[in-house]
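Peer 1: Here is a sequence together with a model predicted from it:
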Amino acid sequence: MRHPSARALHAYWDRLRAGRAAPERAEIEPSQIGRLLGDVFLLENTENPRYAVRLAGTRLCALIGHEMRGRSFGAFFAADDRPTLFGLLEGVADGQIPAVSGLIGETDDDRSLDLEMILLPLRHRGKTHARMLGAIVPLDVPYWTGTTPLARLRIRTLRMVIRPGEDQSGGFTGLRRPGAARLRLVQGGLS
């Protein structure tokens, strides 16, 4: 993880899970991650829309240019990256393993922005596929950020965050398509 906010959100999630695969959604206390809330999103695993955005922070909505709540998370990604995105989301839910992804945000006037996305599985009332916590943060903040919305997100890299001794299968078979970003398992997490 490159961005301090992604590392801080992962550390908070890791403390909450206390050795379990994932914490319960009800254990998330917004006041404990107050400075991160502008970049945070919460997804609900639904069929229609697929992986609906339940909550999205104000900085994230400003990057996209409008409210994200209620829409499919895939709607914010380039059409050819959606199968990879949904495969990644399913893999995080199936394996209960966090993921970090390098993204490129593109505007309609050909500007781009390097971003980092973290995806953290959550349980909701004991169900493992119900919710997911995440954040999307810019790695650099150019002058136009927040005034020119990102028209689409593209996936550049995918990495699973696995601590030593944890199961590394994670259900990530079949994620890669020709020309797609490569999946790499990363040992460690925070030390």
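Peer 2: Nice, I can see it.

Peer 1: Any chance of the backbone angles for residue 128?
Peer 2: Phi and psi for residue 128, reported as degrees, to the nearest 10, are phi -90, psi -20.

Peer 1: what about it, how many neighbours?
Peer 2: 16 (other CB atoms under 10 Å). No exception for glycine: its C-beta is placed from N, CA and C like everyone else's.

Peer 1: how close does it sit to residue 87?
Peer 2: 17 Å (CB to CB, to the nearest Å).

Peer 1: for residue 120, same thing?
Peer 2: Counting by CB to CB - residue 120 and residue 87 are separated by 17 Å.

Peer 1: Neighbour count: these two, which is higher?
Peer 2: Legend: neighbour count by other CB under 10 Å for residue 120 and residue 87, higher for residue 120 (28 against 20).

Peer 1: which residues pair with that one across the strands?
Peer 2: residue 133 (DSSP bridges).

Peer 1: Next up, the contacts around it.
Peer 2: 9-10, 13, 22, 92, 98, 132-134 (CB atoms under 8 Å, 6 or more residues apart in numbering).

Peer 1: cool, residue 77 as well?
Peer 2: Shown in contact with residue 77 (CB under 8 Å, 6+ apart): 85, 152-155.

Peer 1: Could you pull out the helices in the chain for me?
Peer 2: With helices called from DSSP state H, the chain shows them at 4-17, 58-64, 82-95.

Peer 1: Using CSV, lay out those together with distance to residue 45 and mean pLDDT.
Peer 2: Shown next, in CSV, are those (distance: least, CB to CB, whole Å; pLDDT from 0 to 100):
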stretch, distance to residue 45, mean pLDDT
helix 4-17, 17, 91
helix 58-64, 19, 93
helix 82-95, 6, 93
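
Peer 1: Ok, which of those helices comes nearest residue 144?
Peer 2: Smallest distance to residue 144 across those (CB to CB): 10.9 Å, for helix 58-64.

Peer 1: related to what we said a few turns ago, just so I know, which of the helices of the chain lies nearest residue 51?
Peer 2: Nearest to residue 51, of all those, is helix 82-95, at 5.4 Å by CB to CB.

Peer 1: hey, C-alpha coordinates of that closest one in CSV?
Peer 2: C-alpha atoms of helix 82-95 as CSV (Å, rounded to 0.1, in the frame of the first residue of the first chain):
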residue,chain,number,x,y,z
ARG,A,82,-15.7,-4.2,-15.2
PRO,A,83,-15.3,-8.0,-15.5
THR,A,84,-11.9,-7.7,-13.8
LEU,A,85,-13.4,-5.4,-11.1
PHE,A,86,-16.3,-7.8,-10.4
GLY,A,87,-13.9,-10.8,-10.3
LEU,A,88,-11.8,-8.9,-7.8
LEU,A,89,-14.8,-8.0,-5.6
GLU,A,90,-16.0,-11.6,-5.7
GLY,A,91,-12.5,-12.8,-4.8
VAL,A,92,-12.3,-10.5,-1.9
ALA,A,93,-15.7,-11.7,-0.7
ASP,A,94,-15.0,-15.4,-1.3
GLY,A,95,-11.6,-15.5,0.2
